[in-house]
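Trainee: Curious how this folds, go ahead:
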Amino acid sequence: MKKTISKLQNQIVSSAHPTETVTENSIPELKDVKLSSEPGKLSMKPPQFEGKTPWANYRRQFEAAARANGWNAGEKAVALTLALRGEATNILQTLTAQEQEEYDQLVKHLELRYGQAHLEHVYHSQLKNRCQKSGESLQEFEADIARLVRLAYPATPENVMERLAVQAFLDGLRDQETRQALTLAHPKHLVDALASALEFEAAKQSCKSQSKVRAIEEDGQVPADIEATIRKVMKEVLPERKNIRCWNCGKIGHVRSKFPPWEQIHPGSHGLLQQVGRSLCPAQPGSLYRR
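Mentor: You can find the predicted model right below:
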């Protein structure tokens, strides 16, 4: 380990100042330098790891920096050790000196502590039971399906993972018509399934609007909600009729249809009521009714 650190320090100093003499005081601290295995080559410093970032995402970034710098296994172990911060440094207490110098052993312990491989059965269950929630858009549902598939099947080939994601997306759709349409379309990729679902939903909404307008034009019937709105507007706009006069009694304030029957007011006067009614009826010849 000490030899590897010393070698890296000498390479960095010589590449930065090739004509200067290297002394003990001129060697910078290793924690502040960017490791590089080739003199004069721009080095890529890996990000720090505190245990809060998902380990799988961080390892991809670290491996990308290692490939760019051309590090070997020993240099990767040194760089990963120096990249640990905060709580993540506690992992070093569980390692022997030999394990700390071996990159694979260091990654193995970090994977056990911060990785998600031991949670695969949990993600399997979540993916199996994942359905589109009420009010959840197709884009949000598709993004969560893609996340769960990669967590549940991290070592699965890409083509197999795509088929699993498409099937989970179809099984979890809320709308049955959309599910049937996508099943007949046979999408091979998750993005294709999402695009087809969005197109079908847009076409279905357009057809519903057109069919509603066509039904009103053909039947001449106004839906209940529209009819209620029209009645409300008419009631607010049109003035109420006042000074309504009853044809039976001649009083103001009610109509003849609301006037109580004569029998209720004067029981036993049915014949007289008929006679008076005929004399007052405008349709009877010789009626006494005058406007």
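
Trainee: So residue 135: helix, strand or coil?
Mentor: Look at residue 135: counting by DSSP: H, G, I helix; E, B strand; the rest coil, its state is coil.

Trainee: Low-confidence ranges, the chain, go.
Mentor: Low-confidence segments of the chain (pLDDT under 70): 1-42, 117-118, 209-224, 237-245, 247-291.

Trainee: those helices in it, which residues are they?
Mentor: For the chain, the helices defined by DSSP state H cover 2-16, 55-69, 73-83, 97-101, 103-114, 120-128, 138-152, 158-172, 176-185, 190-219, 224-237, 262-265, 270-280.

Trainee: could the ones you listed be laid out in TSV, adding mean neighbour count and distance to residue 45?
Mentor: For glycine as for every other residue, the C-beta is placed from the backbone atoms N, C-alpha and C. What follows is the helices of the chain, written out as TSV (neighbours: other Cβ atoms under 10 Å; distance: least, Cβ to Cβ, whole Å):
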stretch	mean neighbour count	distance to residue 45
helix 2-16	14	12
helix 55-69	16	7
helix 73-83	19	9
helix 97-101	13	20
helix 103-114	16	17
helix 120-128	14	32
helix 138-152	18	27
helix 158-172	17	30
helix 176-185	14	45
helix 190-219	13	34
helix 224-237	10	64
helix 262-265	11	101
helix 270-280	12	107
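
Trainee: what would these look like in a markdown table with distance to residue 246?
Mentor: Formatted as a markdown table, these follow (distance: least, Cβ to Cβ, whole Å):
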| stretch | distance to residue 246 |
| --- | --- |
| helix 2-16 | 109 |
| helix 55-69 | 85 |
| helix 73-83 | 96 |
| helix 97-101 | 106 |
| helix 103-114 | 89 |
| helix 120-128 | 74 |
| helix 138-152 | 64 |
| helix 158-172 | 67 |
| helix 176-185 | 59 |
| helix 190-219 | 39 |
| helix 224-237 | 23 |
| helix 262-265 | 13 |
| helix 270-280 | 12 |
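
Trainee: what's the nearest residue to residue 62 once chain neighbours are set aside sitting at in phi/psi?
Mentor: Excluding the flanking residues, the one nearest residue 62 by Cβ to Cβ, 6 or more residues apart in numbering is residue 46, at 4.8 Å. The phi and psi values for residue 46, taken as degrees, to the nearest 10, are phi -70, psi 150.

Trainee: Now for residue 46: which residues touch it?
Mentor: If a contact means Cβ atoms under 8 Å, 6 or more residues apart in numbering, then residue 46 has 61-62, 65-66, 79-80, 83 as its contacts.

Trainee: do that again at 7 Å, thanks
Mentor: Residues near residue 46 by Cβ atoms under 7 Å, 6 or more residues apart in numbering: 61-62, 65, 79, 83.

Trainee: follow-up on the earlier one: out of the helices of the chain, the one nearest residue 91 is which?
Mentor: Minimum separation from residue 91 across the helices of the chain (Cβ to Cβ) falls at helix 103-114, 5.6 Å.

Trainee: Run through who's touching that closest one.
Mentor: Applying Cβ under 7 Å, 6+ apart, the set of residues contacting helix 103-114 from outside is 51, 55, 73, 76-77, 80-81, 91, 94-95, 99-100, 117.

Trainee: Dump it to PDB, keeping only the CA atoms.
Mentor: Provided in PDB are the C-alpha atoms of helix 103-114 (Å, rounded to 0.1, in the frame of the first residue of the first chain):
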ATOM      1  CA  TYR A 103     -10.200  -3.900  -4.500                       C
ATOM      2  CA  ASP A 104     -12.600  -6.800  -4.800                       C
ATOM      3  CA  GLN A 105     -12.700  -7.400  -1.100                       C
ATOM      4  CA  LEU A 106     -13.300  -3.700  -0.400                       C
ATOM      5  CA  VAL A 107     -16.100  -3.600  -2.900                       C
ATOM      6  CA  LYS A 108     -17.600  -6.800  -1.400                       C
ATOM      7  CA  HIS A 109     -17.800  -5.300   2.100                       C
ATOM      8  CA  LEU A 110     -19.200  -2.100   0.800                       C
ATOM      9  CA  GLU A 111     -21.800  -4.000  -1.200                       C
ATOM     10  CA  LEU A 112     -22.900  -5.900   1.900                       C
ATOM     11  CA  ARG A 113     -23.200  -2.700   3.900                       C
ATOM     12  CA  TYR A 114     -24.700  -0.300   1.400                       C
END
